[in-house]
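In: take a look and give me a structure for this.
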Amino acid sequence: MKKIDLKKEWKALYRPGAKLVVRVDVPPLNYLMIDGRGDPNIAQEYKDAVETLYAVAYALKFMMKKGTVGLDYVVMPLQGLWWVEDMSQFSVEKKADWLWTMMILQPEPVSQEMVERALAQTAKKKNPPALDKVRLERLHEGASAQIMHIGPYADEAPTIARIHQYINEIGCRPRGKHHEIYLSDPRRAAPENLKTVIRQPFA
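Out: Just a heads-up that it's a prediction; the model follows:
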């Protein structure tokens, strides 16, 4: 049985260095997504979204492994798109105003029909609270700047500033949404060791 790890196949997207901001071209990719609003540190809506995404992602993994596709793969890390209504007012200090889309990357063979079956299975076994909010969506970010942030989430501001400085220096402007990829489990890793890919599409 074939087994894949998309973090390794998409190394440029998931393993940037921590010293330099780099440009990447992100192709169209499929994600399980849930939208929400509010401070991720305290909002129950956020906790429900994360729980539900992982439940469905693992249901899909086992479905793919046992089914006719015969594919085993590593469930990808949680990712988040973050924004506010007026992006000129986006601030890491004003988390209560944040809008977000939490998401988990899916292998290409995953289809809408498979997601619907996984949702039905998850409803029978666990029935997590945000199940009716899950969708499969293709996202194409294209030209983007990114870097690895190592340390607490609360200390990301200087790293984000470096990305925006890079975008300005190459004569472009940010577009789309602030994107974070959480490579570390905050329940197991010390805050100073957390690894987070920070990405910003630009035009």
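In: quick one: contacts of the longest helix along the chain?
Out: Using DSSP state H to define each element, the chain has its longest helix at helix 44-66. For helix 44-66, the external contacting residues (C-beta atoms under 8 Å, 6 or more residues apart in numbering) are 1, 32, 34, 36-40, 70-73, 75-76, 78, 100, 102-104, 106-107, 109-110, 114-115, 117-119, 121-122, 125-126, 128-131, 133-134. Just so you know, the C-beta spots here come from the backbone N, C-alpha and C atoms, and that holds for glycine as well.
In: and those residues, which are buried?
Out: 32, 34, 36, 38, 40, 71, 73, 75-76, 78, 100, 102-104, 106-107, 110, 114-115, 118-119, 121-122, 128, 130-131, 133-134 (16 or more other C-beta atoms under 10 Å).
In: so which elements touch the lowest-mean-pLDDT helix or strand in the chain?
Out: Here the helix or strand of the chain ranked lowest by mean pLDDT, DSSP states H and E is strand 2-4, holding a mean of 83. For strand 2-4, the packing partners by 3 or more C-beta pairs under 8 Å, 6 or more residues apart in numbering; DSSP states H and E come out as strand 71-73.
In: can you name every helix or strand that the strand it packs on contacts?
Out: With contacts taken as 3+ C-beta pairs under 8 Å, 6+ apart, strand 71-73 sits against strand 2-4, helix 44-66.
In: tell me how far whichever helix or strand comes after the shortest one lies from the chain's centre.
Out: Past strand 2-4, further along toward the C-terminus, the next helix or strand under DSSP states H and E is helix 6-9. Relative to the chain's own centre, helix 6-9 is displaced by 14 Å; criterion: C-alpha atoms, centre = their mean, to the nearest Å.
In: helix or strand right after helix 6-9?
Out: Downstream of helix 6-9, the next assigned helix or strand under DSSP H and E is helix 11-14.
In: about what we covered before: average pLDDT across the longest helix of the chain?
Out: Averaging pLDDT along helix 44-66 yields 95.
In: mind listing what's buried along that helix?
Out: Those would be 45-46, 48-50, 52-53, 55-57, 59-61, 63-64, for helix 44-66 by 16+ other C-beta under 10 Å.
In: name the nearest of those residues relative to residue 95.
Out: residue 46 (10.0 Å; C-beta to C-beta).
In: what distance do you get for that closest one to residue 63?
Out: According to C-beta to C-beta, to the nearest Å, residue 46 stands 26 Å off from residue 63.
In: okay, now residue 171: neighbour count?
Out: Residue 171: 7 surrounding residues under other C-beta atoms under 10 Å.
In: which residues touch the most centrally placed residue in the chain?
Out: Residue closest to the mean C-alpha point of the chain, counted by C-alpha atoms, centre = their mean, is residue 79 at 1.4 Å. The contact partners of residue 79, by C-beta under 8 Å, 6+ apart, come to 31, 102, 103, 104, 105, 179, 180, 181, 182.
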